[in-house]
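1. got a predicted structure plus its sequence, pasted below:
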Amino acid sequence: PAFTWRPDADTALTLLTHYRRNEGKDFNNYLPLEGTKYPSPYGKIPRERYTGEPDFDRNDTEQYGLGYAFDKRFNEVLSFSSNFRYFHNDIDYRALLFPEPIAGTPLVDRTFYNLQETQEAYTADNRVHVRFDTGPLSHKITAGIDYRHQTNANGSGYYSPWDGFSAPLDIFNPVYGLTPIPNLPNNYTADRTLERVGYYIQDQIAVGGWRLSLGARHDDAETREIFDGPYGLSDNATDSSAETYNVGLLYLFENGFAPYASYAESFVPLIGAGLNGVFEPKTGNQYEIGFKYQPPGSASFLSMALFDLTEQNRVTSTDIIDPSTGWFYQAQIGEVRIKGVEIEGKANIGNWDLLAAYTYLDSEITKSGDGDQGNEVDDVPNHMASLWVNYRFAAGSVAHGFNVGGGVRYVSTFWGDTGNTIGNESTTLFDLAAGYDFGAYDHALNGISLDLNVTNVADDDTLSCDVGGCIYGRGRTYIATLKYAW
């Protein structure tokens with residue numbers, strides 16, 4: 001819950017809290033390529049196939065957080081904002097996973113994995129806002145300091161077929177509980193820390209229909225990982241800093257049309273490590289031109305953007321296996337470039353609401369020492385599109401308060417690995433929704449609404465594969481939500 005206190009019109013303090021506890025299992029199965037993407041003499045592995053052990057696996061989490069948002073307006077010129085958040089998350093996880101086919105049989109062998117992890121993060125952001133004029137120019141200057149301290153400590157047990165562990169399962173006709181699962185001790189520990197301080201200033205300048213934004217930022221960051229396991233102890237750290245800048249220019253016409261151009265740089269310290277040690281910060285820059293159009297007094301809008309993004313030290317979305325240990329790692333790519341177009345439109349016509357979006361992405365690995373330079377970036381489709389239509393029944397009609405909607409989502413083919421050897425097929429999925437506003441029945445019920453969403457109505461099978469295996473997308477899913485707003 002969140003609680004806001006307003007002692008006067010110029011002061012607001014909001015306390016932010018949350019708590020969540022979840023006990024369950026990990027059903028996001030990672031399945032072999034044979035029997036999913038590629039044919040198997042034993043048949044097709046169904047989407048609902050569970051490759052773990054129901055009486056052994058668990059995925060329990062407990063998380064909580066506390067924070068505040070404070071805003072103070074001193075006068076027409078000066079105001080101050082302060083935000084703070086503390087986050088804590090405990091994970092207790094164990095499972096049999098990464099099924100590896102045993103050649104010539106319908107069996108797979110599985111890896112034992114056990115994890116106890118604690119994550120903590122403190123974030124703070126304090127900034128002042130100053131408004132003033134210099135001749136015909138109106139300025140809004142924001143200057144501030146933000147801070148983040150993040151820790152991640154875990155102990156894990158990892159025993160794979162490489163280590164002599166064996167827990168076979170007939171993946172096409174599973175019978176669970178046949179193999180006693182020993183309570184193996186943890187054999188890996190990892191302590192990871194990230195600390196970052198940023199100093200920033202932004203000036204938003206307005207004159208007539210022109211809007212100019214100028215920004216600069218300096219970051220100091222330290223990361224460290226202490227990792228201990230059967231293959232030795234490692235202690236890796238990075239100490240980095242960077243200056244980044246951004247600039248944007250927009251002109252707002254009286255009819256609501258606003259063309260713009262912008263340039264921005266980024267610096268993102270990463271916590272964790274890959275096959276070659278602790279991750280280096282991710283950096284990048286982006287050029288963008290486009291327009292936004294919203295007729296005055298209308299909720300309808302149209303926007304289009306053309307962008308050119310270059311990113312260094314991007315972390316791969318798929319795991320890489322160290323053949324000497326059987327351990328899974330992520331890796332960083334030297335440099336990628338993604339050029340694209342994004343178009344989004346929303347229209348309100350009477351009781352009809354329409355929302356459409358389209359994205360085109362042209363990606364390339366431009367620098368790499370792993371033999372994949374010139375390839376497309378993994379997990380980046382060339383085309384994505386969506387269309388949603390919603391109808392709200394008018395006041396006075398017998399169905400007043402109800403709304404119904406439907407839409408379609410499309411994702412084109414994409415590669416599952418940076419080597420561009422595992423391709424993923426395009427998908428087209430249909431969704432439906434319906435809702436009711438109880439305030440239409442009785443004003444005493446204002447704020448109460450019920451929504452039902454059905455995704456993947458046709459219950460189609462979708463696959464996302466990499467060099468190690470595949471994951472099925474969600475089948476037909478029903479989500480009911482009862483809300484009360486006040």
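-> Arrived safely.

2. for the residue lying farthest from the centre of the chain, phi and psi?
-> For the chain, the residue at maximal distance from the C-alpha centroid (Cα atoms, centre = their mean) is Gly135, at 44.0 Å. As for Gly135, its main-chain torsions (degrees, to the nearest 10) stand at phi 60, psi -130.

3. what do you get for Asn420?
-> Dihedral angles of Asn420 (phi, psi; degrees, to the nearest 10) stand at phi 60, psi 50.

4. from Asp466, how far off is it?
-> According to Cβ to Cβ, to the nearest Å, Asn420 stands 12 Å off from Asp466. To be clear about C-beta, it is placed using only N, CA and C from the backbone, and glycine gets the same treatment.

5. so for these two, which residue has more residues nearby?
-> Comparing Asn420 with Asp466 by other Cβ atoms under 10 Å, the one with more neighbours is Asp466, at 23 against 15.

6. my read is that the more buried one contacts Asp417, right?
-> Yes - judged on Cβ atoms under 8 Å, Asp466 makes contact with Asp417 at a distance of 5.3 Å.

7. Leu31 contacts Tyr472, doesn't it?
-> Yes - between Leu31 and Tyr472 there is a contact at 7.3 Å, judged by Cβ under 8 Å.

8. any residues in contact with both of Asn420 and Asp466?
-> With Cβ atoms under 8 Å, 6 or more residues apart in numbering applied, the contact sets of Asn420 and Asp466 do not overlap.

9. straight-line length of stretch 469-486, end to end?
-> Length of stretch 469-486, first residue to last, Cα to Cα, to the nearest Å: 47 Å.

10. okay, strands next: where are they in the stretch 351-486 of the chain?
-> 352-367, 383-392, 402-411, 414-415, 423-424, 427-437, 448-455, 463-465, 470-472, 477-484 (DSSP state E, counting those that start in this stretch).

11. how near is Tyr147 to Arg196?
-> Going from Tyr147 to Arg196 by Cβ to Cβ gives 7 Å.

12. columns mean pLDDT and mean neighbour count on top of the strands of the stretch 351-486 of the chain, output as TSV?
-> As requested, the strands of the stretch 351-486 of the chain are arranged in TSV below (pLDDT from 0 to 100; neighbours: other Cβ atoms under 10 Å):
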stretch	mean pLDDT	mean neighbour count
strand 352-367	96	16
strand 383-392	97	16
strand 402-411	97	17
strand 414-415	96	22
strand 423-424	96	16
strand 427-437	97	17
strand 448-455	96	16
strand 463-465	95	20
strand 470-472	94	19
strand 477-484	95	10
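
13. okay, these in TSV with distance to Asp71 next?
-> Output for those, formatted as TSV (distance: least, Cβ to Cβ, whole Å):
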stretch	distance to Asp71
strand 352-367	32
strand 383-392	34
strand 402-411	34
strand 414-415	43
strand 423-424	46
strand 427-437	31
strand 448-455	29
strand 463-465	42
strand 470-472	43
strand 477-484	26
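
14. closest one to Asp228 among those?
-> Asp228 lies closest, by Cβ to Cβ, to one member of the strands of the stretch 351-486 of the chain: strand 470-472, at 30.3 Å.

15. list of residues touching the closest one?
-> Counting by Cβ under 8 Å, 6+ apart, 28-33, 36-37, 47, 461-465 sit against strand 470-472.

16. one step back: quick one, which of the strands of the stretch 351-486 of the chain is nearest to Asp191?
-> Between the strands of the stretch 351-486 of the chain, strand 470-472 lies closest to Asp191; by Cβ to Cβ that is 29.5 Å.

17. run the chain-centre distance for the closest one.
-> How far strand 470-472 lies from its chain's middle: 18 Å, per Cα atoms, centre = their mean, to the nearest Å.

18. just to revisit the earlier point, which of the contacts of strand 470-472 has the weakest pLDDT?
-> Among these, Asn28 carries the weakest pLDDT, at 62.

19. what's the pLDDT at Gly274?
-> So, for Gly274, pLDDT stands at 71.

20. run a quick neighbour tally on it.
-> Burial of Gly274 is recorded as 17 neighbouring residues (other Cβ under 10 Å).

21. and the one 4 residues further on, by the same measure?
-> A total of 19 residues lie near Val278 under the criterion other Cβ under 10 Å.

22. the nearest residue to Pro161 once chain neighbours are set aside is in what secondary structure piece?
-> Once flanking residues are discounted, Pro161 sits nearest to Asp109: 4.8 Å by Cβ to Cβ, 6 or more residues apart in numbering. In this structure, Asp109 sits in strand 107-134 according to DSSP states H and E.

23. what's the following helix or strand past that strand packed up against?
-> Counting by DSSP H and E, the next helix or strand C-terminal to strand 107-134 is strand 137-159. Contacts defined by 3 or more Cβ pairs under 8 Å, 6 or more residues apart in numbering; DSSP states H and E place strand 137-159 against strand 107-134, strand 188-207.

24. let's see 10 Å
-> strand 78-101, strand 107-134, strand 188-207, strand 210-229 (3 or more Cβ pairs under 10 Å, 6 or more residues apart in numbering; DSSP states H and E).

25. for stretch 208-221, the averaged confidence score.
-> On average, stretch 208-221 scores 97.

26. give me the buried positions along that stretch.
-> Neighbour counts over stretch 208-221 (16 or more other Cβ atoms under 10 Å) mark 211-213, 215, 217, 219, 221 as buried.

27. chain center to stretch 264-282: distance?
-> 17 Å.

28. quick check: end-to-end length of it?
-> Note: stretch 264-282 ends 14 Å apart using Cα to Cα.

29. buried residues in it?
-> Across stretch 264-282, burial judged by 16+ other Cβ under 10 Å covers 264-267, 269-271, 273-274, 278-282.
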